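>>> Generate a structure from the sequence data that follows.
(one chain, ligands or ions: 2)
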Amino acid sequence: MARILTGIQSSGKPHLGNLLGAILPAIELSKAPQNESFFFIADLHSLTTIREGQARIENTKAVAAAWLAFGFDTEKNTFYRQSSIPEHTELLWYLSCFTPMPMLENAHSYKDKADKLDKAHISAGLFTYPVLMAADILLYDANFVPVGKDQKQHLEMTRDIARSFNHEYQKEIFTLPEARIDEQVQTIPGLDGQKMSKSYGNIIDIFLPKKDLEKQVKSIVTDSTPLEEPKNPDTCTVVKLFSLVASSEATEAMRENYRKGGYGYGHAKKELFEVLWTKYEKEREIYNYYLANPQELEAKLQIGEQKARAIAQKTIQRVREVVGFH
Ligand code: ADP
Ligand code: TRP
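Ligands and ions are numbered 1, 2, ... in the order given. Next comes the predicted model:
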């Protein structure tokens with residue numbers, strides 16, 4: 001049996017990048033009968049970027065509803081909010097004492113985020129973000145962690161911290177996890193052509209109502225080549241996104257239209273919108289169902305939280321014993 005574990009922050013609405021980069025590959029892995037999956041909402045991590053409580057509650061529901069909309073089986077697996085399991089923050093402290101500062105100072109994700117802030121706004125929480133992530137993973141003895149490429153270094157840090165702890169006590173307290181990074185799934189571009197991310201305000205939210213989704217797709221940034229002229233399909237964000245959700249025949253036809261000319265970006269955006277609207281119709285319905293019936297979402301999370309907590313408590317017990325807390 002292999003344990004699969006992954007989390008998505010509730011720092012915004014789930015988007016097409018989360019879906020193709022994380023949710024769908026993780027759900028695929030969870031279907032193998034020999035796998036047991038732990039998928040959670042990293043709401044503690046979201047406090048490093050958003051402060052407003054009501055927004056976090058809404059985002060947490062939205063991320064949870066997205067997992068369910070794409071068919072995550074919460075009976076076979078474990079589904080929970082990170083903040084409901086206090087052992088995550090307890091383990092964070094123990095692991096912090098085994099984490100070298102220079103390792104955190106060299107984290108790409110920390111450096112990227114810190115570069116965008118003035119010094120007074122760089123919080124200790126942002127700095128220790130990877131240690132909390134290590135706690136998330138090590139608490140459940142995860143074997144495989146499906147994530148996007150941007151998380152590779154965080155997984156390496158988790159392994160380093162676990163190794164150093166095990167070495168100190170000469171005991172396999174923690175299981176060393178492996179990242180599962182699907183090389184086929186590239187970084188999905190957002191409306192502005194940069195990486196799609198909740199924190200860059202450039203997302204496509206496939207669950208939006210029709211008019212809003214259409215508006216979002218229309219706002220994809222393109223150049224000003226006139227309709228009649230040929231266009232380069234290789235550099236256009238609309239074609240790139242279309243190729244990720246449409247059939248290969250439809251993508252080839254769009255690419256040919258670009259090369260021929262007489263086909264504008266407006267036409268391409270309309271085609272992209274239509275695929276997004278029809279392809280995810282069923283999932284949109286389930287997503288909206290859960291948002292309209294939050295008590296059902298809550299019930300599923302609470303069952304998951306009981307299962308998760310029982311495991312987390314056992315791990316913490318193991319840790320408390322070797323470090324000498326009784
Ligand atoms: P965000 O960057 O929007 O805040 P998260 O950091 O919560 O997203 O990421 C959750 C998961 O989704 C991670 O596994 C991450 O690698 C994946 N992911 C996020 N954005 C993208 C993207 N643009 N392309 C591919 N995968 C992505
Ligand atoms: N840091 C991850 C991200 O931004 C989210 C996350 C938190 C996570 N804890 C995790 C992912 C544990 C995998 C395992 O994408």
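>>> Now do the residue nearest to His326 when sequence neighbours are not counted: how many residues are near it, please.
Distance criterion CB to CB, 6 or more residues apart in numbering; nearest residue to His326, sequence neighbours excluded, is Arg320 at 7.1 Å. Where C-beta positions appear, they are placed from N, C-alpha and C, glycine not excepted. A count of neighbours around Arg320, defined by other CB atoms under 10 Å, yields 13.
>>> Next one, pLDDT for Arg320 please.
With respect to pLDDT, Arg320 has a value of 98.
>>> Same question for the one 3 residues further on.
According to the model's per-residue confidence, Val323 sits at a pLDDT of 97.
>>> For ligand 2, see how far away it is.
Distance check for Val323 against ligand 2: by CB to the nearest ligand atom, to the nearest Å, it reads 23 Å.
>>> Could you report the neighbour count for the closest residue to that residue other than its chain neighbours?
Closest residue to Val323 apart from its sequence neighbours, by CB to CB, 6+ apart: Tyr94 at 6.5 Å. Tyr94: 19 surrounding residues under other CB under 10 Å.
>>> so which helix or strand takes in Tyr94?
helix 87-96 (DSSP states H and E).
>>> and if you look at Arg255?
Arg255 belongs to helix 248-260 when elements are defined using DSSP H and E.
>>> just checking, what packs against that helix?
helix 237-245, helix 265-279 (3 or more CB pairs under 8 Å, 6 or more residues apart in numbering; DSSP states H and E).
>>> now with 7 Å?
helix 237-245 (3 or more CB pairs under 7 Å, 6 or more residues apart in numbering; DSSP states H and E).
>>> The helix it packs on near ligand 1 anywhere?
No - applying CB under 6 Å from any ligand atom, one finds helix 237-245 separated from ligand 1 by no less than 9.7 Å.
>>> tell me which residues in that helix are buried?
Residues 237-245 are the ones in helix 237-245 that count as buried (16 or more other CB atoms under 10 Å).
>>> quick one: contacts of it?
20, 188-189, 193, 220-222, 233, 251, 254-255, 258, 265, 268-269, 271-272, 275-276, 279 (CB atoms under 7 Å, 6 or more residues apart in numbering).
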